[in-house]
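Chemist: Generate a structure from the sequence data that follows.
(chains A and B)
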Amino acid sequence: MPDTAIEAVDVTKIYRRYAHKRQFATLKSALVSGSLIRDLKPEDTFQALKGVSFSVPSGCTYGIVGRNGSGKSTMLKCVAGITRPTTGRIAVRGRISALIELGAGFHPEISGRENVFINGMMLGLSKREVTKRFDEIVEFAELAPFIDAPVKTYSSGMYMRLGFAVAINVDPDVLLIDEVLAVGDEGFTHKCLDKFSEFRRRGKTILLVTHSLGLVERFCDEALWIDEGEARASGDPRRVVGAYVTAVEKSEEASLASGDQRALEQSTTAPPAEIASVSDPVAASEAPIDMFRANEGRWGSREIEITSVHFVGADGQPTHVFRSGDPMTVQLSINAAAPIDDFAFGIGIFNGDGICCYGTNTWVEELAGRRLEGSGEVRFVIESLDLTEGTYKIDVAAHSRDGYPYDYHRLLYTFRVKSRIKDVGVYRPRHRWEFSPSVQMGPTLKP
Amino acid sequence: MLANLKALVRYRGLIQTLVARDLKARYRGSVLGFFWSFINPLLLLLIYSFVFTVVLPGVHPPEIEPYALFMFCGILPWTWFSSSLMESSGVLISGGNLIKKVLFPAEVLPIVTVLANMVHFCLGLPILAGFLIYYRRPLDPLELLWFPVIVLVQLLLTIGLALLVSALTVHFRDIKDLLGNLLTLWFFATPIIYPMQVAPSRFKTALNMNPMTHLVISYQEVLFYVGPHGHWKWLVALGVASIGVFLIGYFVFDRLRDSFAEEV
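Modeler: Down below sits the predicted model:
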């Protein structure tokens, strides 16, 4: 039966944002200044949702993704009926249960047992229904030995588990979930996912707000991406997540670029005393790097100046975000004011922990500088960036054969490596798996 | 508004459970537990009796004896009224988690507060009965039929005001502080520790405007004074007015309902 379970049409939500003086307004001052009515009208507003429309077919698992503050949770609250949209219309068919905050409304002084009853009734069950499901709830929460203790003695994990168990056992037609899967340990999370799968099998509708993109891809039939209160994309979850990830990369790119710009502007011209002796990347990799001393900076006598540094991707465009295995070129623009014949170029790649992933220079690779005058370019070409996901910083330097720095840029440039595969370590060697015919493997399945 | 009132009936099971929770949670952890519901009014009565029979013995008219019993008839319903209003002024803010995170009819909260205090009131009644027996005051069973009517009128009036106070406090937090002082004034403006007839005549009109005056006098007529309940006309009028207060309170609450989730 492909009818609609949730239908949102052109939903707009405007929140008031109070001016400083409004916050301290009191009844008296409102009466005295005669501004009672005016103060109840918003003067400064924030539009959390700007005309979002979507519809969720009955029995569909629908994911909403988006950045923090994009309006996802507001949307969910509107669907749940906790707040009313300023304009627009939302229709929901069937009983709703909203997992927005678990255990909201638990009273700390009374026992878990009584709280289960009260919470269940708040979520719309009758007393008889709660009695019928009580054992199931307690068993699901794994709290049987503690159910008669006051809730204030529970750990936060126990509290959340009980809240989750009650909410999920309300047996709703429409289940709204706001980023609450991070409760309990691994085992409990699996149990929750199993419960969701059971919901799907029984043809219930689930609306899921989450930052876990993998969950959306694996779990949802459809997805919606909200950004700054507007629906950006909807439909096939892989496509929506893809579009969202691309947008996030773009904004990361912008923030990395501006971060590098700031670092360069703030970099000192003199080396910090402690690391003055560490003058080329190879030496730097040999000396134990203390992350606390590895400040970014710039120093050197400037016989050769590095005027700009860019990361260039496969398409020849400067970027800061790469996928594991992509080609990457580090492009240095250099300038020597006077002719010089004693020079070398070096580079070092450091990961977020300050570990030198790789360091080299032209001298150790048996290339000797012959002559340089005026400006030029040096490109360090990596054909395949075989690093695991993470943020990396680089050192680049122009120095003499024996390590005297002309222009040393320490950790001033940042790039990010992204990977769909959550492998660990620093280096991701090119690899594949091979199996003899008796070992049968297939792609991982949906949970 | 009518649809919401109907929905309220559906939530009666929840209201019942929440009242029970409120009473249980209140004395959890105290040694005497539920007995405090009896002891509190008793202690209050002892204090007032001490003040008006030992410290200031000449204040009350001599024909009203025992004075402690007279005061008790007024203090008991007053405590119900004033604690209900005091507690409901904060109830939406302290229950903010519920309003923001759970789809929940907010009016349940002030109503539960009033009902929980009504249970305390009812628990004080056996003590009152004990006093009546101790002083050998006979009650007219016919007159006693008025008692549930008085309680009902007070319940309606208190719920109406509690809805109003709780909804407005969300927007104007200082109502809470204002209300504390207002209730003190209100207490002395109600013939609880003095009989209506000793009040100066120029204040009579003002006292008659006070709805609590008529409730307290009705309690006194039924429980304390001998003779027929002569105040019933006032009581019926107040009953009608209370329905109005309740509807106004509910109307205001309903109008402000949507702002609660954002304001608390």
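Chemist: Was I right to think B:L44 contacts B:T79?
Modeler: Yes. Using C-beta atoms under 8 Å, B:L44 is in contact with B:T79, at 7.2 Å. In short, each C-beta sits where N, CA and C put it, glycine included.
Chemist: mind checking the backbone torsions on A:V11?
Modeler: Torsion angles at A:V11 (phi, psi; degrees, to the nearest 10) stand at phi -80, psi 130.
Chemist: give the contact list for the nearest residue to it once chain neighbours are set aside.
Modeler: Using C-beta to C-beta, 6 or more residues apart in numbering or on different chains and skipping residues adjacent in sequence, the residue nearest A:V11 is A:G88, 3.8 Å away. Going by C-beta atoms under 8 Å, 6 or more residues apart in numbering or on different chains, A:G88 touches A:A8, A:V9, A:D10, A:V11, A:T12, A:G51, A:V52, A:S53.
Chemist: next one: the helix or strand harbouring A:G88 to chain centre, how far?
Modeler: Assigned by DSSP states H and E, A:G88 belongs to strand A:87-92. Relative to its chain's centre, strand A:87-92 lies at 30 Å (C-alpha atoms, centre = their mean, to the nearest Å).
Chemist: Quick check: residues of the stretch 201-350 of chain A near chain B?
Modeler: Within the stretch 201-350 of chain A, no position is near chain B by C-beta under 8 Å from any C-beta of the partner chain.
Chemist: for the stretch 201-350 of chain A, what spans make up the helices?
Modeler: Listed in chain order, the helices of the stretch 201-350 of chain A (DSSP state H, counting those that start in this stretch) span A:213-219, A:237-266, A:281-286.
Chemist: Name the residues that touch the first one?
Modeler: When contacts are defined by C-beta under 8 Å, 6+ apart, helix A:213-219 is touched by residues A:61, A:63, A:65, A:181, A:193, A:196, A:208, A:210, A:223, A:237-238, A:240-241, A:244-245, A:446-447.
Chemist: How far does it sit from its chain's centre?
Modeler: The answer for helix A:213-219 is 14 Å, by C-alpha atoms, centre = their mean.
Chemist: Kindly report the same for stretch B:237-253.
Modeler: Put simply, stretch B:237-253 sits 15 Å off its chain's centre (C-alpha atoms, centre = their mean).
Chemist: And the worst-scoring helix or strand of chain B on mean pLDDT, what's buried?
Modeler: One helix or strand of chain B scores below all others by mean pLDDT, DSSP states H and E: helix B:2-10, with a mean of 77. For helix B:2-10, the neighbour count (16 or more other C-beta atoms under 10 Å in any protein chain shown) marks B:L8 as buried.
Chemist: Repeat that for stretch A:63-70.
Modeler: Across stretch A:63-70, burial judged by 16+ other C-beta under 10 Å covers A:G63, A:I64, A:V65, A:G66, A:R67, A:S70.
Chemist: Any idea how many residues pack against residue 174?
Modeler: Went with chain A since none was named. If you count neighbours by other C-beta atoms under 10 Å in any protein chain shown, A:V174 ends up with 22.
Chemist: oops, chain B please
Modeler: Using other C-beta under 10 Å, B:D174 has 13 other residues around it.
Chemist: returning to that earlier point: ok, of the contacts of helix A:213-219, which come out buried?
Modeler: A:T61, A:G63, A:V65, A:L181, A:F196, A:L208, A:T210, A:A223, A:P237, A:V240, A:V241, A:Y244.
Chemist: State whether A:C192 is indeed within a strand.
Modeler: No. Applying DSSP: H, G, I helix; E, B strand; the rest coil, one finds A:C192 to be helix, outside a strand.
Chemist: Distance check, it against B:S84.
Modeler: Applying C-beta to C-beta, to the nearest Å, the value for A:C192 to B:S84 is 41 Å.
Chemist: Compare neighbour counts for those two and give me the winner.
Modeler: Here A:C192 and B:S84 are compared on neighbour count by other C-beta under 10 Å; more neighbours surround B:S84, at 28 against 22.
Chemist: quick one: the more buried one and B:A162 touch, right?
Modeler: Yes. Applying C-beta under 8 Å as the test, B:S84 and B:A162 come out as touching, 5.6 Å apart.
Chemist: shared neighbours of the two, which are they?
Modeler: B:T113, B:V114.
Chemist: in the helix or strand hosting B:N40, what's buried?
Modeler: B:N40 belongs to helix B:36-49 when assigned by DSSP H and E. Across helix B:36-49, burial judged by 16+ other C-beta under 10 Å covers B:W36, B:S37, B:F38, B:P41, B:L44, B:L45, B:Y48, B:S49.
Chemist: quick one on the thing from earlier: so which of the contacts of A:G88 are in helices?
Modeler: Of those, none are assigned to helices by DSSP state H.
Chemist: what's the distance between the residue in the stretch 251-400 of chain A that chain B sits nearest to and A:R416?
Modeler: Going by C-beta to the nearest C-beta, chain B is nearest to A:S251 of the stretch 251-400 of chain A, at 28.6 Å. Going from A:S251 to A:R416 by C-beta to C-beta gives 12 Å.
Chemist: And for A:T4?
Modeler: According to C-beta to C-beta, A:T4 and A:R416 sit 40 Å apart.
Chemist: need the helices for the stretch 101-250 of chain B, in chain order.
Modeler: Using DSSP H, counting those that start in this stretch, the helices of the stretch 101-250 of chain B run over B:108-134, B:141-144, B:146-171, B:175-188, B:201-209, B:211-223, B:232-263.
Chemist: what helices or strands is the third one leaning on?
Modeler: This means helix B:146-171. The criterion is 3 or more C-beta pairs under 8 Å, 6 or more residues apart in numbering or on different chains; DSSP states H and E, and the helices and strands that helix B:146-171 contacts are helix B:67-94, helix B:108-134, helix B:175-188, helix B:211-223, helix B:232-263.
Chemist: Buried residues, the strand holding A:G88. List them.
Modeler: For strand A:87-92, using 16+ other C-beta under 10 Å, the buried residues are A:G88, A:I90, A:V92.
Chemist: Likewise for stretch A:141-159?
Modeler: By neighbour count on 16+ other C-beta under 10 Å, the buried set for stretch A:141-159 is A:A141, A:E142, A:L143, A:F146, A:I147, A:P150, A:V151, A:Y154, A:M158, A:Y159.
Chemist: ok, now stretch B:119-138?
Modeler: Those would be B:H120, B:F121, B:L123, B:G124, B:I127, B:L128, B:F131, B:L132, for stretch B:119-138 by 16+ other C-beta under 10 Å.
Chemist: beta partners for A:L175?
Modeler: In this entry, A:L175 is beta-bridged to A:S97, A:I206, by DSSP bridges.
Chemist: what about it, distance to A:I64?
Modeler: 13 Å.
Chemist: This completes my enquiry, with thanks.
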